[in-house]
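A.B. asks: Predicted model, plus sequence, below.
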Amino acid sequence: MATKVGVALLALAGALVNADAVYTKNSPVLQVTAKTYDSLIAQSNYSSIVEFYAPWCGHCQNLKPAYEKAAKNLDGLAKVAAINCDDDSNKPFCGQMGVQGFPTLKIVKPGNKRGRPMVEDYQGPRTAKAIVDAVIDKIPNHVKKLQDSTIDNWLADTATSTKAILFTEKGTTSALIRALAIEFLGSVSVGQIRSKEQTSVDKFGVSDFPSIVVIPGDGSPHTVYSADMKRQPLIDLLSKFASPNPDPAPGKAKATKAKDQKKAASASSSFSKASEAHKSSDLDDELGAKTIVLDEDTPTESPLPIVDDQKPAVMPEIPAIPILASVEELNEAALGPKKGTCILVLLPAGSEVNVAEEASEALIHFANIADKHTRRRDNTFPFYGVSADNEQAKVIRADLGLQDDSKLEIIAVNNKRGWWRHFKGDPSSFPNIENFIDAIKLGDGQPEKLPTAFGGKENEAPAPEPEAEPEIAEDSPTDETVADPEPELEPEPEPEHDEL
């Protein structure tokens, strides 16, 4: 009975997650499809970061706040995009891009040939600041470093008639000036010169730093600008002399060859199978944080958009935690007088038929944690789901003063020592649940005393509560322990790159 209920709960869990795309039309994240990837990303003069996601993926939902913060901070500097790999029309492309887990993040940087960008996996922290810093590092640099000895030859170059020079006290080339050069690539040549190059400073009459000097191509006098050094005012300034040219106009789609169609169909089939297996487990926490396809030290060219088929790996199914449906099962597993620590997930009424979303997510999180400890061969206490139809569950709720059976409750119980703990965090948050488990294992916090007749039985005199659980091997949290940091707890990154 327990096994059947557990399988049913996990089977229904994926269907309850929002089936719509993670990002709305008003999101700062650019929506990309297999058809628009070429024109919006591959052909772009800008660097991009692309998230390959599935709407049912819990880690993708957790990444959303940080990813949208990154998109806001990179606005005008680089593209932050996402593609829904659960959409049938996108599955072949996701398979061809070697997507093996969700979310997968790839940084796409323009290559030497138009439309053949370099693609590498992003494997850094899933925080807005880390993502922004990684993408900033990949922004192409079309800004020419100038000196008094080289500026005349650069000005004489007729490749572009209009020139713009940043006079600055800094030696580094900022993300903003690099983005400005991209915005006017082919129409305005952009250079940068230090304030110590006195001959050039005097020649153009620059007195404030930073300043932009624009030399028109028609021979008219140059303009010195030192007002608002932000992106839009600078674009407005250069637009008076030349037209922006950030991205090429989209061309006609090439006819797909029969061979490529066959590859696409094969990739779509393989990816769909892997995706379904992945969906059944709602992602292993390690795969949610670390998906490996390309060696990050050896970027490769992007497909346009068909490449050799790379079959996604099939994700192993994660065993469900036991569901205790009868009084006998619950007493045997958790409520005996000599039973040690265990976690009880008290499911809401009717959950076997129509699983509440938070209940299904909590069960999946506990299954992931149990599976991880099993694979690592370390010890942890058992986790059980308890059916709302179990009469003993109602007794537990009443004894501990918990909410009625219309609500999900999570508790830790140690009948042998006579204590219990109440989980009061967000049950849909993996880090919150794992922190609750870690606190119990490390003896953090003060447990509450169990009622004398807890569960309808007289308890023996409890043994003294130790500082930590001696029968459990301490498992200090590591990078592997936490799947995805709570992005909503991350401070809002300052738009530090929107300056010269």
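C.D. replies: Right, received. Where do you want to start? Residues are numbered from 1 along each chain as shown.
A.B. asks: Below-threshold pLDDT in the stretch 401-500 of the chain: ranges please.
C.D. replies: Along the stretch 401-500 of the chain, segments meeting pLDDT under 70 span 455-499.
A.B. asks: For it, which segments are assigned as helices?
C.D. replies: 430-442 (DSSP state H, counting those that start in this stretch).
A.B. asks: Tell me where it has strands.
C.D. replies: For the stretch 401-500 of the chain, the strands defined by DSSP state E, counting those that start in this stretch occupy 409-414, 419-422, 448-449.
A.B. asks: Of those strands, flag the one that's most buried.
C.D. replies: Among the strands of the stretch 401-500 of the chain, ranked by average contacts under mean count of other C-beta atoms under 10 Å, first place goes to strand 409-414 (a mean of 22). Backbone N, C-alpha and C define where each C-beta goes, glycine included.
A.B. asks: Lys69 falls within a helix, correct?
C.D. replies: Yes: checked against DSSP: H, G, I helix; E, B strand; the rest coil, Lys69 lies within a helix.
A.B. asks: that older thread, and Ile396, which of the strands of the stretch 401-500 of the chain is closest to it?
C.D. replies: Nearest to Ile396, of all the strands of the stretch 401-500 of the chain, is strand 409-414, at 7.7 Å by C-beta to C-beta.
A.B. asks: Show me what the closest one pairs with in its sheet, parallel or antiparallel.
C.D. replies: strand 341-346 (antiparallel), strand 419-422 (antiparallel) (DSSP bridges).
A.B. asks: distance of the residue most central in space within the chain from Val22?
C.D. replies: Nearest residue to the geometric centre of the chain (C-alpha atoms, centre = their mean): Leu63, 3.6 Å. Distance of Leu63 to Val22, given as C-beta to C-beta, to the nearest Å: 9 Å.
A.B. asks: List the residues that are in contact with both of these two.
C.D. replies: Here Leu63 and Val22 share the contacting residues Tyr53, scored by C-beta atoms under 8 Å, 6 or more residues apart in numbering.
A.B. asks: Please report how far Gln192 lies from Val201.
C.D. replies: Applying C-beta to C-beta, the value for Gln192 to Val201 is 13 Å.
A.B. asks: Helix or strand: which one has Thr199?
C.D. replies: helix 198-204 (DSSP states H and E).
A.B. asks: what's the average pLDDT for that helix?
C.D. replies: Averaging pLDDT along helix 198-204 gives 97.
A.B. asks: roughly how far is that helix from the heart of the chain?
C.D. replies: Helix 198-204 has its C-alpha centroid displaced from the chain centroid by 48 Å (C-alpha atoms, centre = their mean, to the nearest Å).
A.B. asks: helices or strands next to the helix or strand that that helix is followed by in the packing?
C.D. replies: Sequence order places strand 211-215 as the next helix or strand after helix 198-204, per DSSP H and E. Applying 3 or more C-beta pairs under 8 Å, 6 or more residues apart in numbering; DSSP states H and E, one finds that strand 211-215 makes contact with strand 162-168, strand 223-225, helix 231-239.
A.B. asks: any weak-confidence spans in the protein?
C.D. replies: 1-20, 246-317, 350-356, 455-499.
A.B. asks: domains in it, as residue ranges please.
C.D. replies: 30-138, 144-240, 323-449 (the TED database).
A.B. asks: how about the ones you listed in JSON lines, adding distance to Leu500?
C.D. replies: Output for these, formatted as JSON lines (distance: least, C-beta to C-beta, whole Å):
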{"stretch": "domain 30-138", "distance to Leu500": "13"}
{"stretch": "domain 144-240", "distance to Leu500": "5"}
{"stretch": "domain 323-449", "distance to Leu500": "38"}
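A.B. asks: So which of those domains is the most surrounded?
C.D. replies: domain 30-138 (a mean of 21).
A.B. asks: Regarding that domain, how distant is the last residue from the first?
C.D. replies: For domain 30-138, the first and last residues are 18 Å from each other (C-alpha to C-alpha, to the nearest Å).
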